[in-house]
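fold the following.
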Amino acid sequence: MKKLFAVLLALVMMALPVLGMAASPSEMLMEAVEAGRPWSGKIAFEVGAIPGLDAESMTITKDLMGALGATFAMAENKGQFALTLSGEDAINFAFEAGEEDTYLQSNLLGKKALAFNAEEGKVILGYLKNLAVEAGVMSEADFAEFEAAIAQGATQFSAQMEPVAFEEADLAGLTAFGAELVAKMQISEVTQQPRNSDTATTLVTMTLTGEDISKFYTEIFKLAQKVPQVRQMLSAMGELSFNGEPVTVDEFMEKLPELGAQMGDMFQGDIPVEVYLDEADNVVYAVASMIAKGEEEGKETTVAIDMDYSRLTVNNGAAHAVNVIGKDPSNNGVSITVNVLDTEKVTSVNVGVASIADGVSEPVIQVDVNVEGEYGETESEEEADVEITITDSESKEEFAFRFEAESEAKKVGDDVVYEEEVDFYIKGVEEKILCVKINQETGKEPAAINTSDVVRLGQMTEEQFNTFLSKDLTQNAYMALMGAMQKLPTSVLMLFVPQ
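Predicted coordinates for the structure are as follows:
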């Protein structure tokens, strides 16, 4: 069933067009950030009503969350972050990368910043390795793997910063596949209009095969081999396997085209496709059917999948609908429906997932999203309402939660001031359970680190380094944490007082 759901979800994503929303407040902010403007912000919390908490616990929770906050500031090659309590920094951290030296500063580390260059960094890693080996935490081999992982991570991060550019030779296979598909197409005039869609003038029909599916994914996965983000995603997944055998990330990347070639084996027989186009050659309706191979309780089975897409023009926009149903020979399966209304000022998305047992459909997940906004060149406002309902398959009880978000952004010269408030609710409770307030702006540089008086760990002897870790660093961290505790609300501090 999980495999079936994954296949259906992938088909939905392929069928649904990319929606072109106007510049939202967050997009306005990100445009300034991407243009190189310094970026800063702060986050604050406010607790409303939490079901099940007694009065005392509710007071403690409200006081703690009301005091808790965070701030950040970012600019080219430097940044700072802080966890705040009662409006003051409790734990802070800052970094700055110069031409040769890197500086780290935190109240956990002491009053002076730590500084090191590339060579000193190697010395520090050597000291840390000796400590880890002596303590029995890591072996020499383990630390070597750790160092290699750091180097690989740095390389991958640098690669991600570079835009991915495909050369003509990279796209040759995909271009040839496209030409093969065009050759399969039969084009005719529409004699019978599809339902619930704009007027169609042209009908395109073709029959795909498993071989076509394999060719398509093979070429796509060849391109994926050149995308650093794919490697990062695979690394984050942990243990990988290919055809049941464990493989490394590098081995999996090498086998991606082979995996693509196997994709066609997931389908049985031909896949008939019909696409209806309007006068401007836009898709207004499409339908396809296929038989997917699957496995249920160790036995091979098949799943009949039917899908359709329709587009209907409405005032200042369009309504899109996607329906995908997959059922096995026992009339059990999954259905996914997506309805989107996309207009100049309003975008609403409704997604429904249902299970099918003996032909009877039961709701599982319903997601409703509504976004309204006023978008301009210098000012932008947006309101979003998202509700998610999950239905228990046995008790049929519904658990629903939603959040409302209001945001606005204003341009001030080259910079942007952004404000957002997000309120969270759960079904059955009228009052919000949590409010998150986010204020961001561009134009303010992070505070400078004092680089004239620093601690250079890489220039210490190993004995001095070990003393710094066991004595100075421990004492600094203790003092910082004790200072943070003193900023806690009285109701929270009382929890640490013996009764």
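
give me the below-cutoff pLDDT ranges for the stretch 251-400 of the chain.
For the stretch 251-400 of the chain, applying pLDDT under 70 flags no range at all.

all helices of it, in order?
According to DSSP state H, counting those that start in this stretch, the stretch 251-400 of the chain carries its helices in the segments 256-262.

the strands in it, which residues?
267-268, 271-277, 283-296, 299-314, 317-327, 333-343, 346-357, 360-375, 379-391, 398-412 (DSSP state E, counting those that start in this stretch).

could you do the stretch 101-250 of the chain as well?
102-106, 113-116, 186-189, 202-208, 240-242, 245-247.

single out the most deeply packed of these.
strand 113-116 (a mean of 22; mean count of other Cβ atoms under 10 Å). Just so you know, the C-beta spots here come from the backbone N, C-alpha and C atoms, and that holds for glycine as well.

what pairs with that one, parallel or antiparallel?
Strand 113-116 pairs in its sheet with strand 102-106 (antiparallel), strand 454-455 (parallel), by DSSP bridges.

for those, give me JSON lines that also has distance to residue 424 and mean pLDDT.
Below are the strands paired with strand 113-116 laid out as JSON lines (distance: least, Cβ to Cβ, whole Å; pLDDT from 0 to 100):
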{"stretch": "strand 102-106", "distance to residue 424": "31", "mean pLDDT": "95"}
{"stretch": "strand 454-455", "distance to residue 424": "43", "mean pLDDT": "94"}
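
need the ones you listed in a markdown table with distance to residue 268, can you?
Shown next, in a markdown table, are these (distance: least, Cβ to Cβ, whole Å):
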| stretch | distance to residue 268 |
| --- | --- |
| strand 102-106 | 57 |
| strand 454-455 | 67 |
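
nearest to residue 285, out of those strands?
strand 102-106 (57.6 Å; Cβ to Cβ).

one step back: which one of the strands paired with strand 113-116 lies nearest to residue 170?
Among the strands paired with strand 113-116, strand 102-106 sits nearest to residue 170 (Cβ to Cβ), with 35.9 Å.

now that closest one - C-alpha only, PDB.
What follows is strand 102-106, C-alpha atoms only, in PDB (Å, rounded to 0.1, in the frame of the first residue of the first chain):
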ATOM      1  CA  THR A 102      37.700  32.100  10.900                       C
ATOM      2  CA  TYR A 103      36.400  33.600  14.100                       C
ATOM      3  CA  LEU A 104      33.900  32.000  16.500                       C
ATOM      4  CA  GLN A 105      32.300  33.800  19.500                       C
ATOM      5  CA  SER A 106      29.800  32.700  22.100                       C
END
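
rewinding a little: quick one, which of the strands of the stretch 251-400 of the chain gets closest to residue 36.
Closest among those, using Cβ to Cβ: strand 398-412, at 15.5 Å.

direction included, what does that closest one pair up with?
strand 379-391 (antiparallel), strand 415-426 (antiparallel).

tell me how far the first one lies from the chain's centre.
Translated: strand 379-391. Remark: strand 379-391 is offset 17 Å from the chain centroid, using Cα atoms, centre = their mean, to the nearest Å.

buried ones in it, by neighbour count?
380-382, 384-387, 389-391 (16 or more other Cβ atoms under 10 Å).

now it - C-alpha only, PDB.
C-alpha atoms of strand 379-391 as PDB (Å, rounded to 0.1, in the frame of the first residue of the first chain):
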ATOM      1  CA  GLU A 379       3.900  46.700  -0.500                       C
ATOM      2  CA  SER A 380       2.500  43.200  -0.200                       C
ATOM      3  CA  GLU A 381       0.000  41.600   2.200                       C
ATOM      4  CA  GLU A 382      -1.100  38.000   2.500                       C
ATOM      5  CA  GLU A 383      -3.400  35.900   4.700                       C
ATOM      6  CA  ALA A 384      -3.200  32.100   4.700                       C
ATOM      7  CA  ASP A 385      -5.400  29.500   6.400                       C
ATOM      8  CA  VAL A 386      -4.400  25.900   6.500                       C
ATOM      9  CA  GLU A 387      -6.500  23.100   8.000                       C
ATOM     10  CA  ILE A 388      -5.400  19.400   8.200                       C
ATOM     11  CA  THR A 389      -7.900  16.700   9.200                       C
ATOM     12  CA  ILE A 390      -6.800  13.100   9.900                       C
ATOM     13  CA  THR A 391      -9.400  10.400  10.300                       C
END
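
ok, residues contacting it?
The contact list for strand 379-391, computed with Cβ atoms under 8 Å, 6 or more residues apart in numbering, reads 23-25, 27-28, 362-375, 397-411, 427.

equivalent analysis for stretch 53-60, please.
Stretch 53-60 is contacted by residues 47, 49-50, 61, 491-492, 495 when judged by Cβ under 8 Å, 6+ apart.

helices - which of those land there?
If you go by DSSP state H, the contacts of stretch 53-60 have 61, 491-492 in helices.

which among the residues you listed end up buried?
Here, 16+ other Cβ under 10 Å leaves residue 492 buried among the ones in helices among the contacts of stretch 53-60.

for the ones in helices among the contacts of stretch 53-60, which one is nearest residue 131?
Distance to residue 131 across these (Cβ to Cβ) is lowest for residue 492, with 35.3 Å.

so which helix or strand takes in the closest residue to the closest one other than its chain neighbours?
Leaving aside its chain neighbours, residue 492 sits nearest to residue 64 (5.1 Å; criterion: Cβ to Cβ, 6 or more residues apart in numbering). Residue 64 is part of helix 55-67 when elements are defined by DSSP states H and E.
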